[in-house]
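predicted model follows, preceded by the sequence.
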Amino acid sequence: MEKETTHKKRILTGMRPTGKLHLGHYVGALENWLALQNEYECFFLIADYQALGDHLGETERIRNSVIDVVLDWMAVGLDHEKSSFVVQSYIPEYAELFMLLSMFVPLSLVDRNPTLKAEIAQQKKSDVSLGFYNYPVSQAADILLSQAHLVPVGEDQLPHIELTREIVRKFNTIYNTKIFQEPKALIGRIPRLVGIDGQAKASKSLNNAIFLSDSPEEIKAKVKKMYTDPTRIRATDPGHVEGNVVFSYLDAFYNDKSDLKALKERYEKGQIKDVEVKQLLAETLCAFIAPIREKRSYYANNMKEVRRALQEGTERARTVAQKTMTQVRDVMGITKY
Ligand code: TRP
């Protein structure tokens, strides 16, 4: 019998490789992952199949982004010795389990998925592909293939975890088995970081994000462009902190909370200029990103190490995947005739 190598609880979470990662990814996900990687057996998935759903024909972009994402992960300190970095398309079992699980999902359930609905509306296309429509189910397969207990995600992903839990209940009931357990979601400290232009979410496609790989010049230029308080015309006018992008970023990245509180009070009394607050934010972000950028360039110059990390992580995940699929085929009666 195979020996269990670990008794830690298991985590699976992932990202689509569609570009370099930004500060929103850091506070919404990576920070959380870093804290979890000692306590749990973690699988961090680079969901390149999923990225195809809305980036079909952008093969180069996806390929480059797989590397960008791993570099960003390693740069922030995710440790490929402790955790497994997994390339989705290297593991055919994801596709197999996805196909099987799709049988358990009523169309009406997918139709009601609020995140999917919003994304389809955003795509402004009348011809959303079946592949894209199906991605919440493929995500359930991602989670269940590794039999994860916990799934750290942003709040927009909660409907997909709920779907996963429903699939588990149905699967276990129909086949009278307990192979799968219902995974739990885990939400980060800051579920969503605003864009520098004040839009609800920082994102690459909206061109309103500060990347973990940005240079000090880029950071300064972006902070300079940031929205503040539109009602404040002169620096002596009382300012608003609520809904002010610069303060949202300070809340997320400035560590001295009592200092920040004093700064907010001065801003509200009209005792400090926007440029001064922006200066503080630019310094804070430059200091935060500097070591990340440095580590990233180390790994970019040592791609062998990066490729090995991917290969080893994927192999560990595949071992687990094959074990799960053997159980699934067995209970579903998919065996030799
Ligand atoms: N949909 C997730 C995102 O866009 C990425 C993802 C793919 C994922 N598979 C997953 C997240 C499994 C959690 C679990 O960020």
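That came through fine.

identify each buried residue in stretch 79-86, please.
Buried residues in stretch 79-86, defined by neighbour count with 16 or more other C-beta atoms under 10 Å: 80, 83-86. The C-beta positions use only the backbone N, C-alpha and C, and glycine is treated the same way.

any part of that stretch near the ligand?
No: between stretch 79-86 and the ligand, judged by C-beta under 6 Å from any ligand atom, nothing touches; the nearest distance is 10.0 Å.

dump the buried residues of stretch 79-86 to CSV, plus pLDDT.
What follows is the buried residues of stretch 79-86, written out as CSV (pLDDT from 0 to 100):
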residue, pLDDT
80, 97
83, 97
84, 98
85, 98
86, 98
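
which of these fall in strands?
Members of those lying in strands (criterion: DSSP state E): 84-86.

out of the residues you listed, which comes closest to residue 100?
For these, the residue nearest residue 100 by C-beta to C-beta is residue 86; the value is 19.6 Å.

so in terms of bridging, what pairs with the closest one?
Counting by DSSP bridges, residue 86 forms beta bridges with residue 45.

ok, it touching residue 47?
No: contact criterion C-beta atoms under 8 Å: residue 86 and residue 47 do not qualify, at 9.2 Å.

so what sits against both of these two?
residue 14 (C-beta atoms under 8 Å, 6 or more residues apart in numbering).

elements contacting the longest helix seen in the chain?
Longest helix of the chain, by residue count under DSSP state H: helix 303-331. Judged by 3 or more C-beta pairs under 8 Å, 6 or more residues apart in numbering; DSSP states H and E, the packing partners of helix 303-331 are strand 41-46, helix 59-76, strand 84-87, helix 92-102, helix 135-145.

try 10 Å this time
strand 10-15, strand 41-46, helix 59-76, strand 84-87, helix 92-102, helix 135-145, helix 158-174, helix 274-300 (3 or more C-beta pairs under 10 Å, 6 or more residues apart in numbering; DSSP states H and E).

tell me the buried residues in the last one?
Spelled out, that is helix 274-300. So helix 274-300, judged by 16+ other C-beta under 10 Å, has buried residues 274, 277-278, 280-282, 284-286, 288-289, 292-293, 295-296, 299.

how far off centre is that helix?
21 Å (C-alpha atoms, centre = their mean, to the nearest Å).

from now on call the first residue 9
All right, first residue 9 from here; so that's helix 282-308.
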